[in-house]
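Asks: Structure for this input, please:
(chains A and B)
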Amino acid sequence: MTANIKQLGLCCITLTVLLIGLTLLTVTTAQAAPKGKAVYLVPTSFEMTGGDPHTTTGASGTSIIANIHNGLISKYVDGKYHPGIAKSWKIAAGWKYMEFKLNLKAKFHDGTNVTAEDVKFSLERPPTLKGYFAPVFKKYIGKVEIVSPDTVRMHFKRPMVSIFSNLARYIAIVPKHYVEKIGDVEYAQKPIGAGPYKVLSIKQDVHVKMEAVNNHFRKTPNVKYMNEIHVSESATRFAMLKAGEADVSWADPPTLMSIRKDPTLTIIMSKFTYLRTLAFYDLAHPDVKSPFHDLRVRQAAAHAIDTKGITKYVMHDGAEPYGDIIPPYGIGYDPSIKPIEFDRKKAKQLLKEAGYPNGFDTVIYSDMPMKDSTEAIAASLKKVGIRAKVDIPEHGQWARMIQEKKMKGLGSHPGPWWSGYNHPAPALAQLNKTSSWTYYSPPEIAEWMETLGDKTDETELRVIAREISKKYREQLIRVPLFAIHIPYVYGPRVKYWQNVPGHIFSSQYEFLELK
Amino acid sequence: MKKYIFNRLLQALVCLLLITIIVFGLTHLSGDPVMLMVTPEATPDEIEAMRVSLGLKEPLYVQYWRFISKAVIGDFGKSLRWNIACLDIFMDRFPATILLGSAAMFFSAILGIPIGIISAVKNGKLFDSIGKFFALLGQAMPAFWLGIMLMMFFAVRLRVLPTSGMGTWQQLVMPTVTLGWVFMSSLTRMTRSAMLDVLDSEYIKMARTVGVPANMVVWKQALKNALIPIITIGALNFIILLNGTVITEMVFNWPGVGRLVVEAIFARDYPVVQMCVLIASSLFVFTNLFVDILYAYIDPRIRYS
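Replies: Sure thing, here's the model as predicted:
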């Protein structure tokens, strides 16, 4: 009898423990499950070429690649690369190939497993399409082979140090069976990926509605439903935030003043997205007589610009004065390098020494988004005697003029570093002779850049990057002016939001948290 | 009459041809889409390769001939950005513009015509002054300003209407008012002026003299005769509305043709811009042609001259 009672008691205790355990498990699972809805506003439109990660571009394209799809590698808000569909990876000596060990738990949204076949298909697919990155892929990536069901090897035609960034941002893995069944055009309209969000509906240029994937192999999102709306008017985006219709939005610097007045809205900067420099286009035309061939004139221009005032009052803190050509997250960054000192007296003195006591007339080019800051730069230059007429061609025209080296005088020029690259070779790609955006790169710097491409040793890279930076700044090939920050705003319902460092467009919605 | 129609049709076709040449020339002069489509790492060779693949390296007259010869059979080519047929993109957006244009037209008619009539009847009195003031206000207020003000007041402050988008009737209210306001003003002025002319005519005076009730005179006899110019203006206004929704669609994020054109221009998507402008101008040219023929039919003096 006593034994029975003991047994019964033991049973009761076991049952109770089991029940408590189950309850705890349920509670824990329930907490981890995504919940709520969020509305995210993207500023540009007419860029999203559907949901195909290998052809889509722009702001919405970035979020489609990062949220609907998953790459072999993922870049998180901590700025580091994390395993994606690949659990691990290694690069063979001499950049012969890169080998990936796949995470066999990864699944597409239709429930099928991501296989080595899908990975091979996805790595070989971009060059066959009329996509943004097709030319880059053709140049660098060779054959792709399946070594075993969980191992894929991608051969390089030449070292590709930007591969990590490209794997995280542009080479998402797509389901081979599905793409082949419905075709490329249809796939762009009805995409299936392996990302933390699946598509509910896509209306080109209007919205992308997404639902979180439960128990995602990489990171289950916090928010259940995401509605990404394309709103190109900044005043409308601001009104949507104020009216509580949207939770997160890209903000244009001119609206920041109004946003700061609203205590319910929080501004968060995606910092150091790219550098803006003052370019001396005449350096590319040594046979043309120009004051800018004289280093003292270039130094005078550098000292004449009030970068602090411009970033504060013209760019509304959407940028900060910056002195180096290496970003803070880049290999070789030196925090001791400060922005060039604003000193009008020194600028005038240098001009006088160079033989231009009364200054001279020139032109300064820029693209439309930087019109205001370029006018402010021209005003600064005028005060020391460099009378630069502002010329703002239409964007495509401006880009073509750079490519064809049709500009003279000065320019407010983007780069050389941009968009989150930490390896100096892709980060400073504009210093290569072959880049369309280079305009001018001295032969010795261009040679250094060629040696950078196949280097992975950080110590060695740091030394070369610092040498390049030093040479660049000593010769003042361009004047580093401001590091551009991209302002994002979130509303009162948001608990946490952060963009990937250096990225212009937002991604990784799985980290967004609501209160 | 047949000769008249033939001549007018010929003129309309020449006009359209000139429009295509101007639009084609201007869009191709405006910039290079390829530079917006390649990565910063792309080399000049890769950029050239992309230009070749998009057919942009051919001489302009070859590109124009390809465009116009296909356009006449309704093939406007594929969007450079989206790689889908331009006409499909247009047809996807056109219903939204038709809806907004119709709602704005209805709004402007339902308010503009009665205000114009009452202003004419109460000529020189307080209501007339208020009516004229509103008409002036409507024509003087820019749509982007009015749109943003409405949005800030009704959506942000009062929170009674959604700021933007399309899908519910509430989302239609502010774009309709913004777009319809200016046309309401022109309709008010046109109605007032047409009614004043008619009210001053002999047969209206006669009707009043013989004791026809005032309301009957105004709303039945005078309005009937004043409606001809109002309808003409209204029809042309509707086409202008369909073509002129750009600002309203941008402000209210309305996914119509106006927004499509702006975005295609920014993206230098030549085929889409060309198609939209060609369709818009065709609508305008053919509506004018129709009105001209209708006039000639009503008034034989027009075709003889």
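
Asks: CA atoms for contacts and neighbours, from now on please.
Replies: Fine.

Asks: pLDDT value on the most centrally placed residue in chain B, please?
Replies: Closest residue to the average C-alpha location of chain B: B:Ile240 at 2.3 Å, with C-alpha atoms, centre = their mean. Listed pLDDT for B:Ile240 reads 76.

Asks: so what does the helix or strand hosting it touch, helix or strand wise?
Replies: Following DSSP states H and E, one finds B:Ile240 within helix B:223-243. Applying 3 or more C-alpha pairs under 8 Å, 6 or more residues apart in numbering or on different chains; DSSP states H and E, we find helix B:223-243 packed against helix B:86-121, helix B:170-199, helix B:270-298.

Asks: For the residue nearest to the centre of chain B, which non-adjacent residue is spatially closest?
Replies: Among residues not flanking B:Ile240 along the chain, B:Phe284 sits closest, at 7.8 Å (C-alpha to C-alpha, 6 or more residues apart in numbering or on different chains).

Asks: Next, B:Gly167: secondary structure please.
Replies: Secondary structure for B:Gly167, judged by DSSP: H, G, I helix; E, B strand; the rest coil, is coil.

Asks: Next, it: phi, psi?
Replies: Phi and psi for B:Gly167, reported as degrees, to the nearest 10, are phi 150, psi -40.

Asks: Report the buried residues of the host helix or strand of B:Glu48.
Replies: With secondary structure defined by DSSP H and E, B:Glu48 is part of helix B:44-53. The neighbour-count check on helix B:44-53 (16 or more other C-alpha atoms under 10 Å in any protein chain shown) flags B:46-47, B:50-51 as buried.

Asks: can you list contacts of stretch B:99-111?
Replies: Contacts to stretch B:99-111, defined as C-alpha atoms under 8 Å, 6 or more residues apart in numbering or on different chains, come from residues B:172, B:175-177, B:179-181, B:183-185, B:187-188, B:234, B:237-238, B:241-242, B:245.

Asks: Make JSON lines from the helices and strands packed on helix B:223-243 and add mean pLDDT to it.
Replies: Output for the helices and strands packed on helix B:223-243, formatted as JSON lines (pLDDT from 0 to 100):
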{"stretch": "helix B:86-121", "mean pLDDT": "91"}
{"stretch": "helix B:170-199", "mean pLDDT": "90"}
{"stretch": "helix B:270-298", "mean pLDDT": "82"}
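
Asks: can the ones you listed go into a markdown table with extra columns for mean neighbour count?
Replies: Output for the helices and strands packed on helix B:223-243, formatted as a markdown table (neighbours: other C-alpha atoms under 10 Å in any protein chain shown):
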| stretch | mean neighbour count |
| --- | --- |
| helix B:86-121 | 20 |
| helix B:170-199 | 24 |
| helix B:270-298 | 18 |
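
Asks: for the ones you listed, which one sits closest to A:Val161?
Replies: helix B:270-298 (35.5 Å; C-alpha to C-alpha).

Asks: which helices and strands sit right next to the helix holding B:Glu48?
Replies: Where contact means 3+ C-alpha pairs under 8 Å, 6+ apart, helix B:44-53 is not packed against any helix or strand.

Asks: Next secondary structure after it?
Replies: helix B:60-71.

Asks: And for the closest residue to chain A within the stretch 151-300 of chain B, the neighbour number?
Replies: Closest approach between the stretch 151-300 of chain B and chain A, counting by C-alpha to the nearest C-alpha: B:Val156, at 4.6 Å. Neighbourhood size, B:Val156 [other C-alpha atoms under 10 Å in any protein chain shown]: 22.

Asks: ditto for A:Gly94
Replies: Neighbourhood size, A:Gly94 [other C-alpha under 10 Å]: 12.

Asks: ok, it to chain B distance?
Replies: Distance, A:Gly94 to chain B, by C-alpha to the nearest C-alpha, to the nearest Å: 22 Å.

Asks: What confidence value was assigned to that residue?
Replies: At A:Gly94, pLDDT is 80.

Asks: ok, for A:Glu211, nearest residue in space, not its chain neighbours?
Replies: Ranked by C-alpha to C-alpha, 6+ apart and with sequence neighbours excluded, the top spatial neighbour of A:Glu211 is A:Tyr225, at 4.6 Å.

Asks: could I have the top strand by length along chain A exported to CSV, CA atoms only?
Replies: If you go by DSSP state E, chain A has its longest strand at strand A:266-280. Below are the C-alpha coordinates for strand A:266-280, written out as CSV (Å, rounded to 0.1, in the frame of the first residue of the first chain):
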residue,chain,number,x,y,z
THR,A,266,13.8,58.5,-33.5
ILE,A,267,16.5,59.2,-36.0
ILE,A,268,19.1,56.5,-36.5
MET,A,269,21.9,57.0,-39.0
SER,A,270,23.3,54.3,-41.3
LYS,A,271,26.7,55.7,-40.9
PHE,A,272,29.7,56.0,-43.2
THR,A,273,27.9,54.7,-46.3
TYR,A,274,30.3,56.5,-48.7
LEU,A,275,32.7,59.3,-49.0
ARG,A,276,32.2,62.5,-50.9
THR,A,277,35.4,64.1,-52.2
LEU,A,278,36.4,67.2,-54.1
ALA,A,279,37.9,65.9,-57.3
PHE,A,280,40.4,67.8,-59.5
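
Asks: The helix holding B:Glu48 - what's its average pLDDT?
Replies: Mean per-residue pLDDT for helix B:44-53: 74.

Asks: coming back round to it: didn't the residue nearest to B:Ile240 look like it was pressed against B:Ile239?
Replies: Yes. The pair B:Phe284 / B:Ile239 is scored as a contact, 6.4 Å apart, by C-alpha atoms under 8 Å.

Asks: Quick check, pLDDT for the closest residue to A:Gly359 other than its chain neighbours.
Replies: Closest residue in space to A:Gly359, ignoring its immediate chain neighbours: A:Gly385 at 4.1 Å, by C-alpha to C-alpha, 6+ apart. For A:Gly385, the model assigns a pLDDT of 96.

Asks: Surely A:Gly385 is in contact with A:Asn358?
Replies: Yes. Applying C-alpha under 8 Å as the test, A:Gly385 and A:Asn358 come out as touching, 6.2 Å apart.
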